[in-house]
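# Got a predicted structure here, sequence first:
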Amino acid sequence: MGTDIDQEDFDERDYARFAERLEECLSTLGQLLGRAGFGTGPASVGAELELFLVDGIGRPLPRNQAIRAAAADPRVSVELDRFNLELNASPVPLAGRPFAALGGELNVLLDHVADSAKDHAGRVAVIGILPTLSRADLGPGMITEVPRYRALNTGLRRLRQDGFRIQIAGDDPLELASDDVGLEGANSSFQVHLRVDPADFTRTYNAVQLATAPVLAVSGNSPTFLGHRLWDETRIALFKQSVDDRHRGGPRRRPARTALGTGWLRGGPLELFTESVRLHQPLLPALHQLPPPVPGDLGLSAGGGWQAPPLDELRLHQSTVWRWNRAIYDPTSGGHLRIEMRALPAGPTMIDMLANAAFLVGLSLWLAGQDQHWTYALPFERADHGFHRAAQHGLSARLCWPAGPRDQMRTLPAAKLVAELVPVARQGLRQAGVSAAEADGLLAIIAARAASGQTGAAWQRATLAAAERRHDRQRALALMLDCYLHCADTGLPVHTWPIGTPAR
């Protein structure tokens, strides 16, 4: 969830100084974006994978700091709750076989963490929401003992002024309240980063926004939470509500910190960073030692060479505004921009996650290359509605999609739409230089999943129903998870998994 900080107690002066520093950062970023050649370079892709640690019976194992220490790898970091870890894959060029490279590195890290977990009688679970979580697993005592997460909890409570309220529809509707941010740790995602030249950012970002709904519909893997059968991708509703800083009685027109967005991007990448600062108050007002450079010194190192300014405050603030597709400024490699795609769930298997990523990247790149009027004929409100319907209903959702250059639109089942979009996603990947064999292999998984209807969420629902013929809900969830982990260990894509649990 972002950069570590050492400080966790702040006063009003800290918030005021931090707000001033954010304005300075925005000014500096605007100058950077106007600098000839800034951020240009070959497209690359990276990924972050969040996961759960579980014990021998599939219950959450709150030992993330010990297991991270044993792994002793800087690419492994702790997450919000004590049973969460995150793996960070190195960015690779988009041309060639990028997804195989990402998957290879992540598999090595997964094996490394799994070996470390064995010393604590634990194992790894890669899934959107752990089915065996109980309410007792998500209290303040489960928040990881590092300053960032304690300060994040305090900062959200400071703005909200009352408890967090969760209301999610489904077969077993859920309502609950919490006084802390620990519920967010129930979510686990596979986040994809795409480096984009500033000149191409607006078109590509809007394309990613449009592409997310059909990709999410075929990727759902989070159908239960606390024993309730809810959305296909319950993470979308749960994450938004568990970090919502808008208190009851306050202005509701301000968008949530977790949202698809407020409209199609019109004014370039700076607009997204500015919107984050203007709409959302700071949560972690930790100041960097040095302010951003003044005009004339932009990007100059002590030796006189080019070095992009870190803009630490802006990057820290941006890490606490959880847009499902988020703009990222990175000062490394001379400075560049990325789009972080955050809506995809973790799991079920590495090949499933890589297929989801390839579909999202390929479809986005193809859309970015189309006539802009055709691509964005869909009103943003309908795109936002479709995103949430895809999260709720998966392949059964009915999605609105542009159909031509004259503001034409049509509504069709997500499964049918996905099948139609797979070929154009392949075009997007191939035009970016992704090998034909990699594009074909990964997108064939998406096509087969859409044709069968068996997403991770659909498999979990069906397997849970089979287990409940012989067991109560709690035992059935444990058996379903056990079967899930067994199938995941095979590495086979989820559309090939058999339905049912071991007879025990």
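Nice, I can see it. Residues are numbered from 1 along each chain as shown.
# Show the subsequent helix or strand relative to the helix or strand containing Ala425.
Using DSSP states H and E, Ala425 sits in helix 414-431. Helices and strands here follow DSSP H and E; after helix 414-431, the next one along the chain is helix 436-452.
# For that next one, which residues meet the burial criterion?
Glu438, Ala439, Gly441, Leu442, Leu443, Ile445, Ile446, Ala447, Arg449, Ala450 (16 or more other Cβ atoms under 10 Å). Where you see a C-beta, it was placed from the backbone N, CA and C, and this is true even at glycine.
# Which pair of those residues spans the longest distance?
Glu438 and Ala450 (19.2 Å; Cβ to Cβ).
# Pull the residues that contact the helix holding Ala425.
213-214, 217-218, 358-359, 361-367, 369, 390, 393-399, 401, 436, 438-440, 443, 446-447, 450-451, 453 (Cβ atoms under 8 Å, 6 or more residues apart in numbering).
# Could you report the neighbour count for Lys118?
13 (other Cβ atoms under 10 Å).
# same deal with Arg21?
So Arg21, with other Cβ under 10 Å, has 22 neighbours.
# Then the one 4 residues further on?
Using other Cβ under 10 Å, Cys25 has 26 neighbouring residues.
# which element is it on?
With DSSP H and E as the test, Cys25 turns up in helix 12-33.
# and Gly103, what does it touch?
Met350, Ile351, Met353, Leu354.
# My reading is that the third one is in a helix; is that accurate?
When you say that, I think you mean Met353. Yes - counting by DSSP: H, G, I helix; E, B strand; the rest coil, Met353 is part of a helix.
# my read: it touches Phe190, true?
Yes - Met353 is in contact with Phe190 according to Cβ atoms under 8 Å; the separation is 4.6 Å.
# okay, and the common contacts of those two?
Going by Cβ under 8 Å, 6+ apart, residues that sit against Met353 and also against Phe190 are Leu49, Leu344, Ala346, Gly347.
# Looking at the residues you listed, which one is closest to Ala117?
Leu49 (14.9 Å).
# Pairing partners for the closest one in the sheet, please.
Each beta-bridge partner of Leu49 is listed here, defined by DSSP bridges: Leu87, Phe190.
# quick one on the thing from earlier: buried among the contacts of helix 414-431? Make that a PyMOL selection.
In PyMOL syntax, the buried subset of the contacts of helix 414-431 is picked out as below (16+ other Cβ under 10 Å):
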select buried, resi 213+214+217+218+358+359+361+362+363+364+365+366+367+369+390+393+394+395+397+399+401+438+439+443+446+447+450
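# Run through the strands of the stretch 51-200 of the chain in chain order.
76-78, 84-93, 122-125, 164-168, 174-178, 190-196 (DSSP state E, counting those that start in this stretch).
# Quick one: closest of those to Gly41.
It is, among these and with distance given as Cβ to Cβ, strand 190-196, at 7.2 Å.
# quick one: that closest one to strand 84-93, angle?
Between strand 190-196 and strand 84-93, the angle comes out at 30 degrees (axes from the mean of the first three to the mean of the last three Cα atoms, to 10 degrees).
# Tell me which other helices or strands strand 190-196 touches.
For strand 190-196, the packing partners by 3 or more Cβ pairs under 8 Å, 6 or more residues apart in numbering; DSSP states H and E come out as strand 44-55, helix 201-217, strand 336-341, helix 350-368.
# how far is it from where the chain is centred?
10 Å (Cα atoms, centre = their mean, to the nearest Å).
# Same check on stretch 57-68?
Distance, centroid of stretch 57-68 to centroid of chain: 22 Å (Cα atoms, centre = their mean).
# Which residues does it contact?
So stretch 57-68 is contacted by 52-55, 76-79, 81-85, 113, 116-117, 120-122, 125, 130, 132-133, 137, 142, 144-145, 478, 481-482, 485 (Cβ under 8 Å, 6+ apart).
# Which one of the helices and strands packed on strand 190-196 lies nearest to Ala467?
Judging these by Cβ to Cβ, what sits closest to Ala467 is strand 44-55, at 17.5 Å.
# So, low pLDDT: which residues of the stretch 301-450 of the chain?
Applying pLDDT under 70 to the stretch 301-450 of the chain picks out residues 301-306, 404-407.
# can you rerun that using 50?
302-303 (pLDDT under 50).
# Check the chain too.
Checking the chain against pLDDT under 50 turns up 1, 300, 302-303.
# ok, the spatially most central residue of the chain - contacts?
Among the residues of the chain, the one closest to the centroid is Arg342, at 2.1 Å (Cα atoms, centre = their mean). Arg342 makes contact with Ser189, Gln191, Trp322, Arg323, Trp324, Asn325, Arg326, according to Cβ under 8 Å, 6+ apart.
# can you redo those as CSV with secondary structure and distance to His495?
As requested, the contacts of Arg342 are arranged in CSV below (DSSP: H, G, I helix; E, B strand; the rest coil; distance: Cβ to Cβ, whole Å):
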residue, secondary structure, distance to His495
Ser189, strand, 21
Gln191, strand, 23
Trp322, coil, 30
Arg323, coil, 30
Trp324, coil, 25
Asn325, strand, 26
Arg326, strand, 29
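# Looking at those, spot the one nearest Asp232.
Nearest to Asp232 among the contacts of Arg342, with distances taken as Cβ to Cβ, is Ser189, at 14.6 Å.
# Help me confirm that that closest one comes into contact with Ala47.
No - using Cβ under 8 Å, Ser189 is not in contact with Ala47; the gap is 10.4 Å.
# which residues do these two both contact?
With Cβ under 8 Å, 6+ apart, Ser189 and Ala47 have no common neighbours.
# thinking in terms of the whole chain, how far from its middle is stretch 94-105?
19 Å.
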